[in-house]
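K.L.:
how would this look folded up:
(chains A and B)
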Amino acid sequence: MTRAAGIMFAFVRWQMKHKMNKVIGFVLGVSVMFGLTFSPLPAIAQQTAGQQPDPLDSMPPKQREMVVGFQERAKDYSKLRESIEAKMPKLAKDSTPEQIEAHKTEFEKRVRSARAGAKPGELFTPDIATYIRATIKSEYKGTERKELRETVLEADTKGVPLRVNYVYPETKELVEMSPTLLLKLPQLPKQLRYRFVSRNMLLVDRENGLIVDYMLDALP
Amino acid sequence: MKRTIASVLTFAALIFGGLIGNALAQTSAPVPATGERVATGERVATAAASAPVKLTLPVKEGSVRFLVIGDTGTGTIQQQELSDVMLRYRQAFPYEFVLMLGDNMYGGEKPADFKLKFENVYKQLLDDKVKFYATLGNHDESNQRFYEQFNMNGEEFYRFTKGGVAFYSLNSNYMDKRQVKWLEDELAKDTSEWKIMFMHHPPYSSGGKHGSSSGLREVVEPIFLKYGVNAVFAGHEHFYERVKPQKGIYYFISGAGGKLRSGDVKKGSPLTEKAFDTDMSFMLLEVAGDELHFQVISRTGETVDSGVLTKQQKKPNTLNTSNLTVIPIR
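P.N.:
I've put the predicted structure just below:
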């Protein structure tokens, strides 16, 4: 529609320049605008989410370095837990609940032991925490922010401990992470998840359930 | 002064008692909510189990037949009763598999939970080798993808085909770039006649408690339109809704397989074609050629919705809408 209006405006200016008969010009202009708006030709395909450029590509160098640093720290955790998991019996794709439970429990124990001294802020350093807060704030305005807050604050996450190296309770729900936000936040290794718990953001291991790090007041 | 001390002590006792109670609840066996009864796995002769079967589906030779349920994992008698009706209808409509729309387990995922909330409830269907294909809900841990009976092949998002129908299970809890890319790559090479998505969160919903997942819709709808997705099934809302076709795509919500949020569908919603929110329900579907037949049945065995939808042209966003027909069958 915007494109049609722009073309219409250019047409009117051309018509005025060439002193075209006003009636003919008006009829032609409306026809062009109508045709462009309701054309049976397929609209130029909207760029889908998977085709959108990586936010890293357009960042200033220092910011890029900071985000890449965060991603490297996340990868370091991922490598650690992969090396631990590799020494355990592999969990089959057709496992029983008993096998799943045993694997998770043992995995959690080993990773927790390997990260015995882990503290908050080791992945979410102050600079990346500030960046993430700003990204969330800029991504969500007005009614969208209200909807996000409602989704997050209504979720049953009371009792989730804000403590590194503790387990995210399996009785608590996992708040749906907004896809549009996930596309803007730094990409994580597949085993790590961003999770909102109230207004705070956690990094949670999807298999052993451990809270890897957290930052307070991520949600404006 | 004495009154103040008494008030403080009473308050402290309430808080302390609540904390202890909560701690006990975490370690004990699942406790149903007030008013719900726990299924024991025994077959109970309920009225629903003996209600006459009134099938509206054609049962054509070579058709793809399946059942859809969502938000099941409670282990209550009501979930069992619905399962009994599902079983009865299988005699008249031999569906091959079941799509589970997430929230497969509520309140814990110990082995006892899988027994109580899934294996016991659907025992007969499992014994009859009916396959369950699950998707993850916001109450489900990622590790469910390894559970043999959910047939997720170890993946949080996956696809499979039956007949000429491609089914895509999406993880709507975490629709990140990795999953979006996978979806686009798969759809781009998919030449199936029908493309059906199933996920937990509904892109369109008239629910009062949750409503449409607009952030999810913003990301997935352009992909669905670009690659000619025909139908989308979702749960999360604890009712049934047939949403009016949106940009040519059919949307269904079937989230009352184990829980019910009575009266939650917003009256007069412009999205609703048909809704049912006074009892639990499941869907039966049959894809035969260019037609998608559906029947929605309640816990008491009543048909609450039915019809047939015609397959859209390849690119629904340039669709001639005269191809869309819904013929209620009663």
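
K.L.:
the stretch 1-150 of chain B against chain A: which residues are in contact?
P.N.:
B:22, B:26, B:107-111, B:113-115, B:138-143, B:145-148 (CB under 8 Å from any CB of the partner chain). Using the backbone N, CA and C atoms, a C-beta is placed for each residue, glycine as well.

K.L.:
please indicate which of those are buried?
P.N.:
The neighbour count (16 or more other CB atoms under 10 Å in any protein chain shown) marks B:107-110, B:113-114, B:138-143, B:145-147 as buried among the residues of the stretch 1-150 of chain B next to chain A.

K.L.:
ok, for the most centrally placed residue in chain A, nearest residue in space, not its chain neighbours?
P.N.:
Centroid-nearest residue in chain A: residue A:182, 0.5 Å away (criterion: CA atoms, centre = their mean). Closest residue in space to residue A:182, ignoring its immediate chain neighbours: residue B:176 at 4.6 Å, by CB to CB, 6 or more residues apart in numbering or on different chains.

K.L.:
one step back: inside helices: which ones of the buried ones among the residues of the stretch 1-150 of chain B next to chain A?
P.N.:
In this view, those that belong to helices under DSSP state H are B:113-114.

K.L.:
longest helix in chain A, by residue count?
P.N.:
Per DSSP H, chain A has its longest helix at helix A:61-86.

K.L.:
buried residues in that helix, which are they?
P.N.:
Buried residues in helix A:61-86 (16+ other CB under 10 Å): A:66-67, A:70-71, A:73-74, A:77-78, A:81, A:84-85.

K.L.:
turn those into a markdown table, columns for distance to chain B and pLDDT.
P.N.:
Shown next, in a markdown table, are these (distance: CB to the nearest CB, whole Å; pLDDT from 0 to 100):
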| residue | distance to chain B | pLDDT |
| --- | --- | --- |
| A:66 | 20 | 94 |
| A:67 | 14 | 95 |
| A:70 | 16 | 97 |
| A:71 | 13 | 97 |
| A:73 | 18 | 98 |
| A:74 | 13 | 98 |
| A:77 | 16 | 98 |
| A:78 | 13 | 97 |
| A:81 | 14 | 97 |
| A:84 | 16 | 97 |
| A:85 | 13 | 96 |
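
K.L.:
which one of these is nearest residue A:144?
P.N.:
Nearest to residue A:144 among the buried residues of helix A:61-86, counting by CB to CB, is residue A:67 at 23.2 Å.

K.L.:
point out where chain A drops to low pLDDT.
P.N.:
Counting by pLDDT under 70, chain A contains low-confidence ranges at A:1-46, A:50-52.

K.L.:
now do 90
P.N.:
A:1-61, A:138-159, A:170-171, A:173-176, A:178, A:180-181, A:219-220 (pLDDT under 90).

K.L.:
try chain B
P.N.:
Low-confidence segments of chain B, defined by pLDDT under 90: B:1-52, B:313-330.

K.L.:
okay, which residue is most central for it?
P.N.:
In chain B, the centroid-proximal residue (CA atoms, centre = their mean) is residue B:70; its distance is 2.1 Å.

K.L.:
please name the bridge partners of residue B:161.
P.N.:
Counting by DSSP bridges, residue B:161 forms beta bridges with residue B:166.

K.L.:
does it touch residue B:191 like I think?
P.N.:
No: Residue B:161 is not in contact with residue B:191 according to CB atoms under 8 Å; the separation is 10.5 Å.

K.L.:
just to revisit the earlier point, could you dump the buried residues of helix A:61-86 into CSV with distance to residue A:110 added?
P.N.:
Shown next, in CSV, are the buried residues of helix A:61-86 (distance: CB to CB, whole Å):
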residue, distance to residue A:110
A:66, 31
A:67, 30
A:70, 25
A:71, 24
A:73, 20
A:74, 19
A:77, 14
A:78, 15
A:81, 9
A:84, 5
A:85, 8
